[in-house]
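Colleague: Sequence first, predicted model second:
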Amino acid sequence: MKKLDARTLTFDQLTELRHRGVAAVQNGESPDDVAAILGVSRGAIFNWLALYRAGGWDSLNAKKRGGRKPLLDAQKMAWVYRAVTLGNPQQLQMPFVLWSSKLLAAAIKRKFDVTLSKASVCRLLHQLGLSPQRPLWRAWQRDPAAVEKWLKKRYPAIRAAAKRAGGEIWFGDEAGVRSDAHSGTTWAPIGQTPVVPTTGARFGLNVLSAVNRRGAFRFMMVEGTVNAEVFIEFIKRLVAGAAGPVWLVVDGHPTHKSKKTRAFVASLKGRLHLHFLPGYSPDLNPDELVWNNLKSQGTGNREITGPDQLKKLVLSHLRRMQKKPELIRSFYHSPSTEYAA
């Protein structure tokens with residue numbers, strides 16, 4: 001888009017443009033996108049943000065001149081935005097991987113010799129359209145090139161093959177459910193951490209499951225170890241209930257790639273095709289969200305008193321999930337799984 005010449009605008013028009021730009025960034029739009037949409041430079045956006053930070057909305061009035069010099073000018077504001085959005089504290093030789101307001105204040109002090117309180121840093125981040133969020137943790141061994149190949153080449157090829165054969169793509173996985181895995185919060189007086197009595201015994205069970213984008217969900221509970229024989233039994237059940245050939249996508253666990261598994265898949269003569277996700281990429285598997293739901297909504301906030309009760313809770317929750325295809329379909333709508341929707 002052609003850059004806008006602000007000199008051609010009236011004071012009122014320029015003031016309105018500044019308001020729109022700052023409001024858009026505060027609503028979560030990136031400064032680069034806002035600059036492109038409004039036809040101004042990226043520097044202009046950060047200059048407006050610096051003006052707003054120094055004096056609020058009134059400081060964006062184009063008729064006004066002078067005023068208090070901001071502690072953080074446009075260039076410093078741009079540096080803060082890049083530091084938070086394009087990396088983590090380790091890039092500044094700090095021994096952490098998550099940004100906190102205190103840590104960012106220290107980085108700003110070290111970089112610009114500007115002292116900001118925790119409240120001031122929080123206001124700054126909100127003014128830049130940033131918010132505190134729970135990050136996604138990914139293994140450093142993850143290969144971005146392999147993920148890109150999966151998204152751009154391998155999975156589209158799987159989708160095309162399944163469509164030609166009139167088959168269905170399923171994503172499968174397995175997980176352990178333990179009696180001592182808890183989640184959730186509760187209310188209590190400030191400074192007094194609540195204690196919930198529970199059994200000190202540790203026990204668990206394993207579950208295999210598979211989902212497809214139409215909202216279908218299959219599972220199998222196992223009290224022992226998941227080995228090749230168990231995985232093959234799950235495949236048998238999945239194929240038996242399918243109307244056509246199955247394309248099953250799983251991770252690269254040795255059980256999935258064992259000689260027994262490969263021999264059994266070959267014996268099915270095309271009724272099942274087994275494919276493997278890139279290494280260390282569980283976020284690409286919609287079936288991973290089954291376990292998040294089970295542990296947060298089914299068992300994590302419950303008192304577990306024994307193995308039988310755990311089994312009953314897991315079975316009851318998974319059966320309820322089977323009756324909610326809209327919930328299963330929602331697992332395909334997260335940023336990392338929507339490619340398979």
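Modeller: Looks like it arrived, so ask away.

Colleague: the strands in the chain, which residues?
Modeller: 168-178, 204-212, 217-222, 246-250, 272-276 (DSSP state E).

Colleague: where does this structure dip in pLDDT?
Modeller: Counting by pLDDT under 70, the chain has low-confidence residues at 1-7, 64-68, 91, 136-140, 180-201, 300-301.

Colleague: quick check: domain ranges of it?
Modeller: Annotated domains of the chain cover 6-127, 144-182+200-340 [automatic domain parsing].

Colleague: and the ones you listed as JSON lines, adding distance to Pro135 and mean neighbour count?
Modeller: All C-beta spots, glycine's among them, are computed from the backbone N, C-alpha and C. Output for those, formatted as JSON lines (distance: least, CB to CB, whole Å; neighbours: other CB atoms under 10 Å):
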{"stretch": "domain 6-127", "distance to Pro135": "7", "mean neighbour count": "16"}
{"stretch": "domain 144-182+200-340", "distance to Pro135": "12", "mean neighbour count": "16"}
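
Colleague: which residues in this protein form helices?
Modeller: 11-26, 31-38, 42-55, 74-85, 101-112, 118-127, 144-149, 155-165, 228-240, 254-257, 259-267, 288-293, 307-322, 325-330 (DSSP state H).

Colleague: picking that back up, which one of the domains of the chain lies nearest to Gln133?
Modeller: Smallest distance to Gln133 across the domains of the chain (CB to CB): 10.3 Å, for domain 6-127.

Colleague: The nearest residue to Cys122 once chain neighbours are set aside and Leu124, how far apart?
Modeller: Of all residues not flanking Cys122 in the chain, Ser101 sits nearest, at 5.2 Å (CB to CB, 6 or more residues apart in numbering). Here the criterion is CB to CB, to the nearest Å. By it, Ser101 lies 9 Å from Leu124.

Colleague: how far away is Asn27 from Asp33?
Modeller: Going from Asn27 to Asp33 by CB to CB gives 11 Å.

Colleague: do Gln75 as well
Modeller: Using CB to CB, we find Gln75 at a distance of 20 Å from Asp33.

Colleague: cool, and Ser316?
Modeller: To Asp33, Ser316 is 46 Å away according to CB to CB.
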